[in-house]
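Visitor: Okay, structure incoming, though there's no sequence with it:
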DNA sequence: AGGCATTTGAAAGAGAGGAACACAAAACTG
DNA sequence: CAGTTTTGTGTTCCTCTCTTTCAAATGCCT
């Protein structure tokens, strides 16, 4: 149901752009495919596919190889494969206690990955940007780097505006109203588009494309760290909201009688299910971060009653909040990421029980709750997908301008 | 960011379909427009517009009239206008205490409207369907009816599945797991597509297309009656969820220490902001419905302290819940419908205050809260829009098959 | 080896929008 | 009031892209 402004007139060229995009998306998402498989999946004719593939081959973006005979009669269809070391993106992850930079090739292969630990203290944006720039320039020089870098995607643990990467609030990084996008542009000094998004949003994107939620078009990804973030995909589209701030489910009020949240509100969901809530309930000091949480999980695994009880209580609140989200979004899948992945085995039952109790039967019915499968790199992979997005949406633009070489030159 | 399955290959014909659709949407949404305005809005050339308009004219769907000279130099562009009595839809609204059927012409004009009051008792679906059928057959026979009816849209006050109109739960109608869609198909006996959706979802659609939210692509429509429903539009698309159950914000848990909700949960938002909450706080009996609520509003307008206090308390909870939704959706507009429209003047300030207090600053900043403008007919208008949707999305399909006549014949 | 199923490749065909030009109609201009 | 300017329509030709069609290629199966 597109609204007026988007429904701009289409031209013949639009068709070609859309079809090139469709083919590229197939290959990027599902890996190598035979020509005939592409025919089947796109609904185009063999000739059309032939022409379009030819264009990609001419640009050096894909290669065709003799198909391995697969036992069926008929002339075998050649396998079309993306050249993963021709075009790539830089993915950056800025988290509380770690900083990562990766190079990801078209098709999703992680070609190179650099991760450094950071102090859990407030670090100025400028310093962060400088560190990122250093890592990027290292990684770009290494042999794994592809011929052309076409964009930079950044995942940040904070409330961030999509349009320009302005970070309104990243409490755990100690940032408030920080122009991260601008600083990164300055520090990187590349003439590449830099797109920044919230880490949970990108985790959702990653799980949707390459993780536990492949093929699911309505899903919630809930990432539990010190803060609780949500990435939401509905109808196959990411929920971004008017400015890209959407998905801050951690600050959904669930308990008016609850404790004060650093955001200024009271009883936010993350005050009940965030890492600190777990630690305090387990008799430990708040602020311990992942390592302490890990200790609680180990304690629980060993049968420690206090730890088990703490995790159970978190699970109860987790399920309570999820019930509300299920009623609001009617998803078919909920993916638990971050530290929730670790406690999933312990809370699975409570969560299901809470959903049974607090969610409406109709939207609750089809919901499955599963742990994330991409682990710590989820948002990094999502950042890469984000950076690839313009390319996937309109590869024709790159092909025409011979960007393979020009983009490289500028990198 | 379309996912694999949707990104089907496009053909030349697709372009024509899309462009016909774009033109029709413009005319349907914004009313008559000059050819040159259409050129400007779609970005197509004059020749293309000429051809496409020609096709519509040939089908008798639009007419062109000599432009009234409007004071600007240059040759005036003829005005393109939809023939509102050629193609129309039937819109049905099934609410707790009222039942309405309307005929709406292409362009959105309500050509005819029949509304009957109902007892606030549980009425079997079969009876409801029969009444609807009766109203429909009356209205279709009246002179205002257009040549062709192309679909039926139904708004129902309950949790309903989009695919087949299965009502999982409509507590105020006394329905549970009722195949409303099927019953309506049987009762109406028309070979027309019948689409059923939740009344708040359709209220949102109506306000988005023809009410307070025109041109806004990220909005929440919150409708307060006995139950509280939400219609959500993000990125210009309706949020439907996996099965169309999405938007049940009334059952978002906001108060674990609250009262039991009929849905089986505790502390749902509607237990704090629904009509019964208002009535009880105002010292009246629950179950009084709209008329009693109206009495409370009048009492408040006259300065009655108990009524004012009750409304204020509802406003406080309203703002509290909205804050959570703002954090989740980052909308740019919140439209208050149903009884909330009436209490808006009284709660405006409290709501804003609560948002200030409980919503994150970044998503909160651009949010405006406004009353609905379409009043009681909002969901009826939305139902019409829903029924028009397939036609607007692919008018070529209808033109080719000469549906103007064939659809009429079947009605 | 020959038949069959499936696919590729090239050429011709069809559908749709773009560009350019002649002509039309209204509003300015002096 | 006649000429000029501006904006628009209709027409013709062109370009782009996919489809259709047919011959040739390839490898399984008997």
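Guide: That came through, no problem. What you see is a predicted model; the values in this text were computed from it and never measured.

Visitor: Could you list the low-pLDDT ranges of the stretch 1-150 of chain A?
Guide: When residues are selected by pLDDT under 70, those of the stretch 1-150 of chain A lie in A:1-7, A:67-71.

Visitor: residue boundaries of the strands in it?
Guide: In the stretch 1-150 of chain A, the strands defined using DSSP state E, counting those that start in this stretch lie at A:33-34, A:62-65, A:79-82, A:87-94, A:98-105, A:110-117, A:148-156.

Visitor: which stretch among those comes nearest DNA strand C?
Guide: Among those, strand A:33-34 comes nearest to DNA strand C, with 6.4 Å by Cβ to the nearest atom of the strand. Backbone N, C-alpha and C define where each C-beta goes, glycine included.

Visitor: Give me the packing partners of that closest one, helices and strands only.
Guide: strand A:79-82 (3 or more Cβ pairs under 8 Å, 6 or more residues apart in numbering or on different chains; DSSP states H and E).

Visitor: For the strand it packs on, which outside residues touch it?
Guide: With Cβ atoms under 8 Å, 6 or more residues apart in numbering or on different chains as the test, strand A:79-82 has contacts from A:27-28, A:32-35, A:38, A:53, A:61-68, A:105-107.

Visitor: run the last query once more with 7 Å
Guide: With contact meaning Cβ atoms under 7 Å, 6 or more residues apart in numbering or on different chains, strand A:79-82 is reached by A:27-28, A:32-35, A:38, A:53, A:61-65, A:67, A:106-107.

Visitor: Now the two most distant members of those residues.
Guide: The largest separation in the contacts of strand A:79-82, counting by Cβ to Cβ, is between A:67 and A:106 at 21.3 Å.

Visitor: The two - which one has more neighbours?
Guide: Neighbours were counted for residue A:67 and for residue A:106 using other Cβ atoms under 10 Å in any protein chain shown; residue A:106 has more, 26 against 15.

Visitor: just checking, the more buried one touches residue A:28?
Guide: Yes - with contact defined as Cβ atoms under 7 Å, residue A:106 reaches residue A:28; the gap is 6.2 Å.

Visitor: Check the spacing between residue A:372 and residue A:104 real quick.
Guide: As defined by Cβ to Cβ, to the nearest Å, residue A:372 lies at a distance of 18 Å from residue A:104.

Visitor: should've said residue A:392
Guide: Residue A:392 is 13 Å from residue A:104, by Cβ to Cβ.

Visitor: And residue A:240, by the same measure?
Guide: Distance of residue A:240 to residue A:104, computed by Cβ to Cβ: 22 Å.

Visitor: list the helices and strands the lengthiest helix in chain A packs on?
Guide: Longest helix in chain A, counting residues (DSSP state H): helix A:305-329. Helices and strands touching helix A:305-329, by 3 or more Cβ pairs under 7 Å, 6 or more residues apart in numbering or on different chains; DSSP states H and E, are helix A:270-273, helix A:275-281, helix A:289-301, helix A:339-358, helix A:361-364.

Visitor: returning to what we had before: which neighbours do residue A:106 and residue A:28 share?
Guide: Counting by Cβ under 7 Å, 6+ apart, the contacts common to residue A:106 and residue A:28 are A:82, A:388.

Visitor: burial of the closest residue to DNA strand C within the stretch 1-150 of chain A, as a residue count?
Guide: For the stretch 1-150 of chain A and DNA strand C, the shortest gap (Cβ to the nearest atom of the strand) falls at residue A:74, measuring 2.0 Å. Neighbours of residue A:74 under the rule other Cβ under 10 Å: 6.

Visitor: Let me see the ranges of the helices in the stretch 51-200 of chain A.
Guide: A:125-141, A:180-188, A:199-210 (DSSP state H, counting those that start in this stretch).

Visitor: between these, which one is nearest to DNA strand D?
Guide: Checking those against DNA strand D by Cβ to the nearest atom of the strand gives helix A:199-210 as the closest, at 24.1 Å.

Visitor: C-terminal to the closest one, what's the next element?
Guide: Downstream of helix A:199-210, the first helix or strand assigned by DSSP states H and E is strand A:219-224.

Visitor: Partner strands of that next one and their direction?
Guide: Strand pairing for strand A:219-224, using DSSP bridges, gives strand A:228-234 (antiparallel), strand A:333-338 (parallel).

Visitor: could these go into a markdown table alongside mean neighbour count, mean pLDDT and distance to residue B:363?
Guide: Below are these laid out as a markdown table (neighbours: other Cβ atoms under 10 Å in any protein chain shown; pLDDT from 0 to 100; distance: least, Cβ to Cβ, whole Å):
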| stretch | mean neighbour count | mean pLDDT | distance to residue B:363 |
| --- | --- | --- | --- |
| strand A:228-234 | 28 | 97 | 13 |
| strand A:333-338 | 27 | 97 | 21 |
